[in-house]
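Enquirer: Provided below are the primary sequence and the corresponding predicted coordinates.
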Amino acid sequence: METLSTNKILRFWLPLAGTWLMMSLEGPFIAAIIARLTDPKFNLAAYGVTFSFALIIEAPVIMMMTASTTLVKDFQSLKKLRQFTWTLNVIITCLMLILLIPKFFFFITIELIGLPENVAQLTHIGTIIMIPWPGAIGFRRFYQGVLIRNHATRRVAYGTFVRLISMSATATGLFIFTSIPGVYIGTAALSSGVIMEAISTRIMVQPILKKLKNNESLTLPQAGLSFRRISIFYYPLALTSMLTLGVHPLVTFFIGKSALALESLAVLPVVGSFVFLFRGVGLSFQEAAITLLGKSKENDRVIKRFATYLGIGLALGLILTAFTPLSRIWFSQVSGLSPILTTLALTPLMIMGIFPASTVLISFQRAILVQSGRTSPITGATLIEVFSIITVLYVAIIQFNMIGVTAAATAFVVGRMAANLYLYFQTR
């Protein structure tokens, strides 16, 4: 049995961390461009709402990387899970088309959320531009899981690099050569990025697919992976991501009823994307832990120690930024926010200082459960997290009229800590 060391974990995990870090650069980059165009407050608000809709639509396939990392053991299981992925992709794309029906869409955005009509119109067009997003996400996450399963984590990072270059080239080109609203530039950049990442990932996984297919002809037939088994394994994971990402439209709804509603909607994606620079690295640890856990108790202890140091380091990095002038420099000079919006962004960033540590912890806790085949407690933890977020938002905004973005930051932290506590008892 090979003994794991910190260096071995680091070499395996770093490409995945680089992948999430590159993805986390998208939000600040796009927000910085939108903030430098006409009507930044309206376009940032529209971009935040559009992105929330895209997240909830893509939610059923977001865990496909975890599923393929765990379940794809041969060519037969790959084919079966690939069929399952395509089915989900078709369903979520149809749901997005239904959402875009004007009467339905404007009822949600204007009547329920309370967006101004001009922001709702911007959001509608932005969401149309995002139609390819959920299907491309499902496609590339399936093949990324296959790469991770076969210890080809560097290729995952290469694909994300292609995504980052495509996204930034699209955004920069539209920024320089057109005068279209900022939300259109941002959503076009996101869509082009994930499409190119999906294509490049499919190209890079081809040698592994060929190897799996050749190995199939050299081994005796085994009991294949069934749709029923996939559904039993994947349903709690899909429900988890649907609940996690589905909370964003609810947050948007509550913020629409809060003090400084439009300003909060404009600031929230900027704060969220900056925090994601830190917590995205924590999220990347989940697939690495799934792959590496369970080899021996000694190795598991090494992985746990690595996760502890990682969480502490990420939290210290965000706290150091939030409580020093670095945060004001980031929001005003890099993100391009006005002085009023910059001041509004500082408090929620401070509140979310420990969020990266809780993200590493929940990634490790989920990995333990997935590796042992117990995915239902993950859904239970997410239900607790969502319920906690909604409760805090209701009390803070409806009862105490708190500023929306500050209430949202508080709710996210309280919800995540409640989920961590529940999973602590589930994974002991």
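Expert: Yep, that arrived. Numbers count the residues shown, from 1 in each chain.
Enquirer: Report how many residues lie close to Lys103.
Expert: 7 (other C-beta atoms under 10 Å). Bear in mind the C-beta positions are built from the backbone N, C-alpha and C, glycine included.
Enquirer: Next: Arg328.
Expert: When neighbours are defined as other C-beta under 10 Å, Arg328 has 16 of them.
Enquirer: next one: Leu115
Expert: Leu115: 25 neighbours (other C-beta under 10 Å).
Enquirer: got it, and Leu78?
Expert: Neighbourhood size, Leu78 [other C-beta under 10 Å]: 24.
Enquirer: Quick check: it touching Val72?
Expert: Yes - counting by C-beta atoms under 8 Å, Leu78 touches Val72, with 4.8 Å between them.
Enquirer: shared neighbours of these two, anything?
Expert: Counting by C-beta atoms under 8 Å, 6 or more residues apart in numbering, the shared contacts of Leu78 and Val72 are Val146.
Enquirer: Any regions of the stretch 1-150 of the chain where pLDDT drops low?
Expert: The stretch 1-150 of the chain contains residues with pLDDT under 70 at 1-2.
Enquirer: doesn't Asp16 fall inside a helix?
Expert: Quick fix: residue 16 is Leu, not Asp. Yes - under DSSP: H, G, I helix; E, B strand; the rest coil, Leu16 falls within a helix.
Enquirer: ok, it - contacts?
Expert: 148, 153, 156-157, 284-285, 287-288.
Enquirer: Kindly report the same for Ile378.
Expert: Ile378 is in contact with 236-237, 240, 366, 369-370, 423, counting by C-beta under 8 Å, 6+ apart.
Enquirer: Look up the pLDDT of it for me, please.
Expert: Ile378 is assigned a pLDDT of 92 by the prediction.
Enquirer: tell me the SS of it?
Expert: Using three-state DSSP, the structure places Ile378 in helix.
Enquirer: Against Phe233, how distant is it?
Expert: 11 Å (C-beta to C-beta, to the nearest Å).
Enquirer: again, but for Gln76
Expert: Counting by C-beta to C-beta - Gln76 and Phe233 are separated by 16 Å.
Enquirer: And stretch 373-385, what's buried?
Expert: 375, 377-379, 381-382, 384-385 (16 or more other C-beta atoms under 10 Å).
Enquirer: Toward the C-terminus, what is the element adjacent to the helix or strand hosting Leu21?
Expert: When secondary structure is defined by DSSP states H and E, Leu21 falls within helix 6-24. Next in sequence after helix 6-24, counting helices and strands by DSSP H and E, comes helix 26-35.
Enquirer: list the helices and strands that next one packs on?
Expert: Using 3 or more C-beta pairs under 8 Å, 6 or more residues apart in numbering; DSSP states H and E, the elements in contact with helix 26-35 are helix 40-58, helix 153-177, helix 182-218, helix 261-283.
Enquirer: got the contact list for the next helix or strand after the first one?
Expert: The one in question is helix 40-58. Using DSSP H and E, the helix or strand that follows helix 40-58 in sequence is helix 64-71. The contact list for helix 64-71, computed with C-beta under 8 Å, 6+ apart, reads 77-78, 81, 85, 88, 138, 141-146, 148-149, 225, 230, 233-234, 237, 286-287, 290-291, 370-371.
Enquirer: got the buried residues for the next helix or strand after helix 64-71?
Expert: Sequence-wise, the next helix or strand downstream of helix 64-71 (DSSP H and E) is helix 75-99. Within helix 75-99, the residues that count as buried by 16+ other C-beta under 10 Å are 75-82, 84-85, 88-89, 92-93, 96.
Enquirer: what's the answer for stretch 288-305, then?
Expert: Within stretch 288-305, the residues that qualify as buried are 288-293, 299-300, 302-303, counting by 16+ other C-beta under 10 Å.
Enquirer: got CSV for these, with distance to Ser335, pLDDT and secondary structure too?
Expert: Below are the buried residues of stretch 288-305 laid out as CSV (distance: C-beta to C-beta, whole Å; pLDDT from 0 to 100; DSSP: H, G, I helix; E, B strand; the rest coil):
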residue, distance to Ser335, pLDDT, secondary structure
Ala288, 30, 89, helix
Ala289, 32, 91, helix
Ile290, 34, 88, helix
Thr291, 35, 85, helix
Leu292, 36, 88, helix
Leu293, 38, 87, coil
Asn299, 41, 84, helix
Asp300, 40, 88, helix
Val302, 38, 92, helix
Ile303, 35, 93, helix
